[in-house]
Each structure stands twice: as C-alpha cells, then as structure tokens.
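# Please find the sequence and the predicted model below.
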Amino acid sequence: MRDWKRLMPQLLSMPAAGPSFFAHVFHPAFNVDLDDATEVSDRFSRHTLAVSKGTQSLRDVFGCIREVRLGEYGRQLCQITCFPEMSRAE
C-alpha cells in the first residue's frame with residue numbers, strides 16, 4: 001500500500017502514451033491482421049446483403065399473400081352482405 005502512495009504522484013505526472021502504445025504491445029486477441037480483417041469485412045458485407053435480399057423477398061411474398069387473403073375476404077363479405085340467401089345455400 002505504501003508503494004502505491006509513494007509511486008502515485010510519479011505515475012500521474014507521466015505523459016500519456018497515446019495510440020502508439022498499442023503499436024508496441026503484442027496481444028493476439030487485440031492485434032489485427034489487415035488481410036484477415038479485409039476478408040472478414042467482405043464476407044460480413046456479403047452476408048448482410050444476402051440477408052437483406054432474403055428479408056425483402058419474404059416481405060414481398062407475405063405482402064402478396066396478404067393481398068390475396070384480403071381479396072378473398074372482400075368477396076366473401078360481399079357474398080354474405082349482397083346475397084345473403086346464396087350464402088345460406090352453400
């Protein structure tokens with residue numbers, strides 16, 4: 001504990017190392033290889049584009065299904081309200 005009290009003013013008076021500190025430190029979990037990072041970034045971009053296209057396709061399909069169902073609902077409603085005697089015969 002006394003060491004910290006003695007060293008604290010000295011440590012606080014030192015200038016900040018800045019970003020160059022990380023250029024001199026080797027730590028596998030934090031060091032980035034430019035080629036690997038570029039490859040991963042490209043793969044992720046392709047993945048997000050494919051997911052986006054797939055999601056839009058699903059929206060389009062469900063939109064068409066919704067339109068068809070609304071059309072069927074409208075025809076059934078018209079049959080019931082416009083021709084109630086025909087709807088009972090079915």
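Happy to help now that I have it.
# only C-alpha atoms for contact and neighbour calcs from this point on.
Fine.
# low pLDDT regions in the chain?
Residues of the chain meeting the criterion pLDDT under 70: 1, 26, 28, 30-31, 83-90.
# centre of the chain versus the lengthiest helix in it, how much separation?
In the chain, taking DSSP state H as the definition, the longest helix is helix 34-82. Between the centre of helix 34-82 and the centre of its host chain there is 16 Å, according to CA atoms, centre = their mean, to the nearest Å.
# counting contacts, what elements does it pack onto?
Counting contacts by 3 or more CA pairs under 8 Å, 6 or more residues apart in numbering; DSSP states H and E, helix 34-82 packs against helix 84-89.
# center of the protein - which residue?
Most central in the chain under CA atoms, centre = their mean is Thr48, positioned 7.9 Å from the mean C-alpha point.
# and that one, how far is that from Gln56?
Distance, Thr48 to Gln56, using CA to CA, to the nearest Å: 12 Å.
# now do Pro19
Distance of Pro19 to Gln56, given as CA to CA: 42 Å.
# what about the two, which has more around it?
Set side by side, Pro19 and Gln56 show more neighbours around Gln56, with 12 against 8, by other CA atoms under 10 Å.
# Pull out the buried positions in the helix or strand that contains Leu11.
Secondary structure assigned from DSSP states H and E places Leu11 in helix 2-13. By neighbour count with 16 or more other CA atoms under 10 Å, helix 2-13 contains no buried residues.
# ok, now stretch 33-42?
Buried, per 16+ other CA under 10 Å, within stretch 33-42: nothing.
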